[in-house]
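**Q** Coordinates only, no sequence provided:
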């Protein structure tokens, strides 16, 4: 399978496109939910918006993780030696910890100051992941 990714000129770019689509679904929906929590589109119920946004974000994460894993498998040694890749993986761990903390404390029900900080932190971490992802190639 990994040989196919390397031997077909279109395979790796197609995988990269799937990765970008996954990231767009993930980050776009997290930002949409954050905007709602911070007062935009106040007519939309937060819980309903959260169910939709987080479901789509999870699908985006799944796409990005699956395609990223396949891309990693084509050149693991080079990527593990790449500082931007290592930082990106650390940021992904931080994003996961923040999401776990957010849901464990039921922040979406509270929507208190800490919940809002967690949401801003999440967006900042994911933006840093995107920057590191782009930096890997350079």
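**A** Perfect, thanks for sending it. Just so it is clear, the structure is predicted and the values come from calculations on it, not from any experiment. Numbers count the residues shown, from 1 in each chain.

**Q** And what about residue 29, helix, strand or coil?
**A** Under DSSP: H, G, I helix; E, B strand; the rest coil, the three-state class of residue 29 is helix.

**Q** Number the residues from 24 up from this point.
**A** That works, and once the first residue is 24, the last one we named lands at residue 52.

**Q** and it, what does it touch?
**A** Residues in contact with residue 52 (C-beta atoms under 8 Å, 6 or more residues apart in numbering) are 75-77, 79-80, 83. Where C-beta positions appear, they are placed from N, C-alpha and C, glycine not excepted.

**Q** For those, which single residue is the most surrounded?
**A** residue 80 (23 neighbours; other C-beta atoms under 10 Å).

**Q** which residue packs closest to residue 87, ignoring adjacent ones?
**A** Leaving out its chain neighbours, the residue that sits closest to residue 87 by C-beta to C-beta, 6 or more residues apart in numbering is residue 45, at 3.2 Å.
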